[in-house]
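S.K.: Let's see this in three dimensions:
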Amino acid sequence: MKRISVILTLVLLMTLVIASPVLANNGNGGGQSRWTVGRVFLVGGQQNFSLVGTISEVGSDTINIQTINARFAGQVIAVQVSDGTRLYQWTETGKVVISLDDISVGQSVNVKGKMIAEDYLATTVTIDVPLYCQ
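M.R.: Prediction:
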């Protein structure tokens, strides 16, 4: 009886040792975890976001977006832009690089970026994307 208990204990320990690295990576076997929370993605402890909507205001370093995303639907989200933000205009032949001065209220927009604390920091802003493509 004592021998069976020892064997079962060893099997349990071996299972835990083998399963621990996989469980630590959410079962994906890679070094970073990733899962979706609405349209905000958590990648290795850092939150990335994707917003779709219409531009409701343009400032010197901020774009306000009236969102149509399922999670944010109807909300106005202020997104910060910086010198590192890539700005594009969608055309039928591809994206064209633009500046913040080329962006105006009422244009459709797709924004991708990173959340730091409560701030939305844009990494890529693409305007005039047809809503059926978003």
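S.K.: How is this protein partitioned into domains?
M.R.: 1-31, 34-133 (automatic domain parsing).
S.K.: for this structure, what spans make up the strands?
M.R.: Assignment of strands within the chain using DSSP state E yields the ranges 34-37, 40-43, 46-58, 62-67, 76-80, 86-91, 94-97, 108-116, 119-127.
S.K.: Worst mean pLDDT among the domains of the chain?
M.R.: Comparing mean pLDDT across the domains of the chain, the weakest is domain 1-31, with a mean of 54.
S.K.: that older thread, and among the strands of the chain, the most buried is which?
M.R.: The highest mean neighbour count among the strands of the chain, using mean count of other C-beta atoms under 10 Å, belongs to strand 62-67: a mean of 21. Where you see a C-beta, it was placed from the backbone N, CA and C, and this is true even at glycine.
S.K.: Neighbouring strands of that one in the sheet, and parallel or not?
M.R.: Using DSSP bridges, the strands paired with strand 62-67 are strand 46-58 (antiparallel), strand 76-80 (antiparallel).
S.K.: for the ones you listed, which one sits closest to Asn110?
M.R.: strand 46-58 (5.4 Å; C-beta to C-beta).
S.K.: Name the nearest residue to Thr67, sequence neighbours excluded.
M.R.: Gly53 (4.1 Å; C-beta to C-beta, 6 or more residues apart in numbering).
S.K.: Tell me who's in contact with that neighbour.
M.R.: Ile65, Gln66, Thr67, Ile68, Asn69, Ile77, Ser108, Val109 (C-beta atoms under 8 Å, 6 or more residues apart in numbering).
S.K.: what about it, distance to Ile103?
M.R.: Separation of Gly53 from Ile103 (C-beta to C-beta, to the nearest Å) stands at 13 Å.
S.K.: give the contact list for Val97.
M.R.: Counted by C-beta under 8 Å, 6+ apart, Val97 has contacts Arg86, Leu87, Tyr88.
S.K.: How about the contacts made by the last one?
M.R.: Tyr88 sits next to Lys95, Val96, Val97, Ile98, Thr124, Val125, Thr126, Ile127 when contact means C-beta under 8 Å, 6+ apart.
S.K.: which two in those are spaced the farthest apart?
M.R.: Val96 and Thr124 (13.6 Å).
S.K.: Thanks a lot, catch you later.
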